[in-house]
Structures are given as structure tokens and as C-alpha cells.
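J.: fold the following for me, if possible:
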Amino acid sequence: MMNIIFQADRTLSENEGNFIDLLPLEKKQVLYKITTVTNSADESATDSGVFMIIYGDNDRTKQFQLITTEQDPETFFQKGNTDNFEFNLDDVGEIRKINVRLDGKGFHPIWHLDTVRIQKGSEIYKFNADKVLGLSLQEIDLTPTPTEKPSAPPSIKRQSQESILRKIVTPTIKDMVYKVSVRFGTLQQTANDDHDGNLYLIIVGKRGQTKKMPLPVNEKGEIEFKTNDVGKVSKIFLGQDDTRHQVVWHIDNLVIKRGAEITT
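T.: Got it, this is the predicted structure:
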């Protein structure tokens, strides 16, 4: 999942302009799927906090704790356990190394880590550790082991009947569900009681752009639009239609979810 941030911090009004063109910030976020394997020997488990930093060829993530809100922390890192975590973090590019740290708290501040596996998009990185972290060795750096890329299936040389006849197929235009949420800034003075509102959004991507889509500003949570798939989002147009009433909107940021891609 990719997060692309559009920072607005602009007021839409008759005086300051009813239309803005936003480009994404350079920082992107992606989904990291992290799997740790604890050694199956006795005394391998720990109840200490485990932290990680991911280093890449472009950037590094912040330090984050391997924990989830859905599961009791005491169930993690038990003897022989395989534990899975998911985090949306800055895209560091190709992963070069990771840092794993034990905070030394709890009743058993010792952990025998076997392996770490990180999936980032279609890329999979494996790290062999077989190290015991404790008070004498609280953190380690691990580099990924070389991985073999799956071999491409053998090409079929014989031509199909369709290719021989050069049959022309008209491409179909796919629809996509976009989920949009808007956060207004602290300078927003009044709310608009009109649920239809006069704000609108146009999403631009590699395969074109959407139609003008009205944003019902009083709706809580995400707003869903089903429209043509524009491909990877490159920018958005955000504006308001002409209105007889003076309406001022101060928009902080806007988040768009397109399938597995999140644009902010």
C-alpha cells in the first residue's frame, strides 16, 4: 500500500480563489509486512519490547515497535513463534539492512531471534540472525541474504489463432472505487449546513482524469466514488463551484484510497 501526501493548507474562497492544483509531496509510504521467528530452544522467549529501524538506499524509517493493536503483546516472541506485523512507513527504496533492538524491560529481557522476513510490495527480504539479544547485546544490525528471483515461464513460440488473424480487441475502461476523506484546518470558521456542499474534486492519473466529483463536506469518515480508473495518481484538482453565498473552506489535507494505493 502506497501513501502519497498532498499538503494543502489553503483557504478556498471567492477572495483567495476557488480552485487549487495540488502535487504530491516527495515522501511516500509503503506497506511493510514483517515476520519474525523465535528460536524453539528453551529460554528463547522474551516479554521485552522489540524495536526496529529499516535502512534503504534512499532513506531510513523511524524506529518503531513490533506490536499490533489486535493482539496481546504477551503472545509475541514466544518459544518457536512466528509473529507477523504490518506497518505503513516511509519508502526507503531497496532495503540494505535492519536494526533490531530489545529494550531490556520485563521479566525475561532475553530473546533468541532466528530469522526476520520483510515483504515490501513484490520484493521479499530475508535476514538470518540466530542471535541472543539481552543486556550484554541489546541490538544487532542484519543485512538481507541474497534472494533468487523467480524465473520467467518459458515463452510459447507458437502463435495463437487470434494473433495470426490479428484480431483487434477494443480495450475496456475499468472502474475503480476511490475512498476520499477531507480534513479541515483550524482556520475553518463555520460548517456548511448544505449536505450537498459546493466543493469538488478531480483526480488525475497516468490514464486520464475523473469527472468532477462533489465532496459532501458534512459527512463523517470516508466518501466513496466509483468512477473511471485513472491509474497511478499524479495530482488532484480541488475547487468549489460558483455559489450565491460566500463560503470559505480551509482545507488541511485530503486522503485518497485507490485499491491498495493511498494518496494523501
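
J.: show me the chain divided up by domain.
T.: Residue ranges for the domains of the chain, per automatic domain parsing: 2-27+170-263, 29-142.

J.: in the stretch 51-200 of the chain, which spans are strands?
T.: Under the criterion DSSP state E, counting those that start in this stretch, strands of the stretch 51-200 of the chain are mapped to 64-65, 82-90, 95-102, 111-120, 123-133, 139-142, 175-184, 199-205.

J.: can I assume Ile67 is in contact with Pro73?
T.: Yes - applying Cβ atoms under 8 Å, one finds Ile67 in contact with Pro73, separated by 5.7 Å. All C-beta atoms are positioned from the backbone trio N, CA, C, and that covers glycine.

J.: ranking the strands of the stretch 51-200 of the chain by mean pLDDT, which is last?
T.: Per-stretch mean pLDDT for the strands of the stretch 51-200 of the chain is lowest at strand 175-184 (a mean of 82).

J.: any idea how far that strand is from the chain center?
T.: 15 Å (Cα atoms, centre = their mean, to the nearest Å).

J.: who does it touch, helix- and strand-wise?
T.: In terms of contacts (3 or more Cβ pairs under 8 Å, 6 or more residues apart in numbering; DSSP states H and E), strand 175-184 is packed against strand 199-205, strand 213-215, strand 223-228, strand 249-258.

J.: next, the angle from the last one to strand 223-228.
T.: Just to be clear, that refers to strand 249-258. Here strand 249-258 runs at an angle of 60 degrees relative to strand 223-228 (axes from the mean of the first three to the mean of the last three Cα atoms, to 10 degrees).

J.: please renumber so the chain begins at 55
T.: Okay, residue one is now 55; in that scheme the one you just asked about reads as strand 303-312.

J.: partners of strand 303-312, with directions?
T.: The sheet places strand 303-312 alongside strand 61-66 (antiparallel), strand 229-238 (antiparallel), strand 315-317 (antiparallel), with pairing taken from DSSP bridges.
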